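Student: Give me the fold of what follows.
(one chain, ligands or ions: 2)
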Amino acid sequence: MSEVLLEIRKMELRYGAAIAVRDISLSVKRGQLVAVIGNNGAGKSSMVRGATGLVYPSRGQVFFRGQDTTGLSADRKVSRGLVMVPEGRLLFPDQTVEDNLVLGAYLHGGLKHKASRSTLQKTLELFPRLKERLHQQAGSLSGGEQQMLAIARGLMAQPELLIVDELSLGLAPKIVDQLIRALSDLNKEGLTIVLVEQLASYALAIADYGFVIANGRIAREGPSSVLSRDPEVMESFLGKKKSTSSTPKPKE
Ligand SMILES: Nc1ncnc2c1ncn2[C@@H]1O[C@H](COP(=O)(O)OP(=O)(O)OP(=O)(O)O)[C@@H](O)[C@H]1O
Ligand SMILES: [Mg+2]
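Tutor: Residues are numbered from 1 along each chain as shown. Ligands and ions are numbered 1, 2, ... in the order given. Got it, this is the predicted structure:
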């Protein structure tokens, strides 16, 4: 059986008196591509913040590679391989593409080590548009290019698990298709990925397994091929967004 990389046990997360995550348990195995779907305000990003150490959960535990990491800072988690591409990208807009990428590798000493330089090379092969724009300011990139850069910056941290929060935010379907394919390719090369996404049909199309979050709890979970045929999931999350012909078929 494959190793469980991330395990969230009974997480509760609050912002003051407001409860954003009520009770979430989920696990992600090494090599999987897992989709997390759910409507606005369901608690997806809060769950991600709790998992990555940006906000500490008020209850429950977060295990990464078998160790309890609940109280660790986000930096410590990144250095263990738990890396997030945040909702809204949060790039450094006045810095160049290259500087943003080097900052992604800061826990590895920037480009000091050969491993970081070869990660940079591989990342630029995956996103040739970034290679052409290395000296351009990040803030002047198109939305799609900015999302590429956010993913690429995450890859520079040499993740074992990459959590991508709202890949599609504000992007045209054609660009979302391209980015979805890039994530699918990375997963095929062995990277474990959690894709948090409002466009459920896109996420389920490439995922092995999915979790549906509603009201701070897991409302459904299962293989994505099953979830994408579940009438309730379809009605709640897939109804408005028909999959385009270029969207890949669900993984069986
Ligand atoms: N910093 C904050 N302070 C107070 N409440 C917050 C904060 N961030 C989020 N919330 C609240 O927590 C709940 C869950 O929000 P969250 O951002 O986790 O949802 P989401 O599922 O990621 O939504 P979306 O699909 O819009 O990104 C919402 O009710 C939201 O208003
Ligand atoms: Mg969110």
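Student: near ligand 2, which residues of this protein?
Tutor: By the rule CB under 5 Å from the ion, the part of the chain lying against ligand 2 is Lys44, Ser45, Glu87. Where C-beta positions appear, they are placed from N, C-alpha and C, glycine not excepted.
Student: With ligand 1 as the reference, measure out to the nearest residue to the last one once chain neighbours are set aside.
Tutor: Excluding its sequence neighbours, the residue lying closest to Glu87 (CB to CB, 6 or more residues apart in numbering) is Asp165, at 4.1 Å. With distances defined as CB to the nearest ligand atom, to the nearest Å, the gap from Asp165 to ligand 1 amounts to 7 Å.
Student: List the residues that contact Asp165.
Tutor: Contact analysis of Asp165 by CB atoms under 8 Å, 6 or more residues apart in numbering lists Lys44, Ser45, Val48, Met84, Val85, Pro86, Glu87, Val196.
Student: Tell me how many other residues crowd the residue nearest to the first one when sequence neighbours are not counted.
Tutor: Nearest residue to Lys44 in three dimensions, chain neighbours excluded: Val196, at 4.9 Å (CB to CB, 6+ apart). By the criterion of other CB atoms under 10 Å, Val196 has 24 neighbours.
Student: Could you do Glu232 as well?
Tutor: 11.
Student: Surely it touches Gly222?
Tutor: No: taking CB atoms under 8 Å as the definition, Glu232 is not a contact partner of Gly222, at 11.8 Å.
Student: can you tell me which of the residues of the chain next to ligand 2 lies nearest to ligand 2?
Tutor: Ser45 (3.1 Å; CB to the ion).
Student: Now stretch 195-205: average pLDDT?
Tutor: Per-residue pLDDT over stretch 195-205 has a mean of 92.
Student: Show me how far it is from its chain's centre.
Tutor: Averaging C-alpha positions (CA atoms, centre = their mean, to the nearest Å) puts stretch 195-205 11 Å from its chain's average.
Student: And ligand 1, is it touching that?
Tutor: Yes: judged by CB under 6 Å from any ligand atom, stretch 195-205 comes into contact with ligand 1 through Gln198.
Student: before we move on, back to that, how about the residue nearest to Glu87, phi and psi?
Tutor: Note on Asp165: backbone dihedrals following degrees, to the nearest 10 are phi -100, psi 110.
Student: just to revisit the earlier point, return the distance of the residue nearest to Lys44 relative to Arg153.
Tutor: Here the criterion is CB to CB, to the nearest Å. By it, Val196 lies 17 Å from Arg153.
Student: that older thread, any chance of CSV for the contacts of Asp165, columns secondary structure?
Tutor: Converted to CSV, the contacts of Asp165 look like this (DSSP: H, G, I helix; E, B strand; the rest coil):
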residue, secondary structure
Lys44, helix
Ser45, helix
Val48, helix
Met84, strand
Val85, strand
Pro86, coil
Glu87, coil
Val196, strand
